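**Q** okay, sequence plus prediction incoming.
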Amino acid sequence: MTSSISTLTIKRPDDWHLHLRDGAMLRAVVADTARQFGRAIVMPNLTPPVTTTEAAQGYRSRIVQALQDSSLPASSFTPLMTLYLTDNTPADEIRKASGSGIVYGVKLYPAGATTNSDAGVTNLLRYCTGALEALQDTGLPLLVHGEVTDPDVDIFDREAVFIDRVMIPLRKAFPALKVVFEHLTTRQGVEYVRDAEGPTGATITAHHLLYNRNALFRGGVRPHWYCLPVLKRETHRQALLEAATSLSNRFFLGTDSAPHSRNAKENACGCAGCYTALHAMELYATAFDSVGRLDRLEAFASLNGPAFYGLPVNQDTLTLQRQAFDIPERVHPDQADLVPLAAGEQLPWSIVRG
Ligand code: NCD
Ligand code: ZN
């Protein structure tokens, strides 16, 4: 079903869900994102987590410094910071964040859901109503990791159960709250976001568009395909692909690129997260091309996110061409030793380097 288009120029895309880490890992990865994207919503799950505007300001300066230390001009990329919601986040901290001009969202991690989420929320509607009211009043979006952490719920059902247990009651209690359902992975999630009342959006990763859960076990266990939420069955991948290419402005790009060193991935208890910042747009173009809808990539990657966040569309452009891209086996060996997703494989699309 692939189309005959051989080059595609789109407004420069943004990444609405990204992990940049800190220290040596930050210095290793930041330029990979800045080469492709104009802006990124930067996740706050550091240790300790970024829970205050002051901490977000410090983290932002370290990102800008890391960018300056790389070969890229600092002006080419803007980090959009987020706060990490806890059971104790005061409403005043939310108001301060909203007025800061550097914080663009507040992240809800259910406690224990994923990497560095121990300080996350234990009961959203019991402990966070003050913060949620402040979010609703200020218009700052709540960015939701939409999985329950109840160990009795099967890992493949955690998103669907989260919709019933958290999203629906949350929406009833805060109908005007801006909510982004992060890294959507299921048909139930797609249907919820498509039909929900109130300002609702969702990010979708490239890996959930390209792979189903078989990828985790192809010829043996494949730790580099392990992320959270975990890859799902083919029927869910199809629903995500349909949503991303549907022209609904509720769905937009969020890589969830989540770098972990090779040792932390290739381990008896390997970390969750796929490194996709290196080749994000090549991966997304491959997914859209697979259903003959490359002409819809620009809306998903470059237009819908800014519209949801109330930000201008980037002025400059990015050009992709139908030319093989060989995904390297390793990147940044000195600073981080990272294995990109689908290392050693080939993608049919490349970015035309400017
Ligand atoms: C993320 C990470 O490593 O920080 N991992 C992942 O698998 N996506 C955390 C997250 O976004 O869940
Ligand atoms: Zn993430």
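**A** Right, received. Where do you want to start? Ligands and ions are numbered 1, 2, ... in the order given.
**Q** what about the stretch 1-150 of the chain, any weak spots by pLDDT?
**A** By pLDDT under 70, the low-scoring segments of the stretch 1-150 of the chain are 1-3.
**Q** would you map the helices across it?
**A** 23-36, 53-69, 91-100, 124-127, 129-138 (DSSP state H, counting those that start in this stretch).
**Q** could you pull out the strands for this structure?
**A** 7-11, 15-18, 39-42, 78-84, 103-108, 142-144, 179-181, 200-204, 251-253, 317-321, 325-326, 346-347, 350-351 (DSSP state E).
**Q** closest one to ligand 1 among those?
**A** Smallest distance to ligand 1 across the strands of the chain (C-beta to the nearest ligand atom): 7.4 Å, for strand 15-18. Placement of C-beta: from N, CA and C, glycine included.
**Q** and for the closest one, what's in contact with it?
**A** Outside strand 15-18, the residues that touch it by C-beta atoms under 8 Å, 6 or more residues apart in numbering are 33, 36-37, 39-43, 143, 180, 182-183, 203, 205, 252-257, 277, 280, 305, 309.
**Q** hang on, the earlier thing: quick one: which of the strands of the chain is nearest G219?
**A** G219 sits nearest to strand 346-347 of all the strands of the chain, at 17.7 Å, using C-beta to C-beta.
**Q** pull up the pairing partners for that closest one, direction included.
**A** Partners of strand 346-347 in the sheet, by DSSP bridges, are strand 325-326 (antiparallel).
**Q** chain center to the strand it pairs with, what's the gap?
**A** Mean-position distance between strand 325-326 and its chain equals 23 Å (C-alpha atoms, centre = their mean, to the nearest Å).
**Q** mean confidence for that strand?
**A** Mean per-residue pLDDT for strand 325-326: 98.
**Q** what about F77, neighbour count?
**A** 24 (other C-beta atoms under 10 Å).
**Q** can we start the residue count at 59 from this point?
**A** All right, first residue 59 from here; so that's F135.
**Q** and it, how close does it get to L141?
**A** 20 Å (C-beta to C-beta, to the nearest Å).
**Q** same question, Y367
**A** 15 Å.
**Q** so these two - more neighbours on which side?
**A** For Y367 and L141, the more surrounded residue by other C-beta under 10 Å is L141, and the numbers stand at 27 against 21.
**Q** leaving out chain neighbours, which residue sits closest to that one?
**A** V164 (4.8 Å; C-beta to C-beta, 6 or more residues apart in numbering).
**Q** one more: A382?
**A** Q404 (5.2 Å).
**Q** who's that neighbour bridged to?
**A** D384.
**Q** what about it, how many residues nearby?
**A** Neighbour number of Q404 under other C-beta under 10 Å is 10.
**Q** contact partners for it?
**A** Residues in contact with Q404 (C-beta under 8 Å, 6+ apart) are A382, F383, D384, I385.
**Q** and for T67?
**A** Contacts of T67 by C-beta under 8 Å, 6+ apart are T375, L376, T377, L378.
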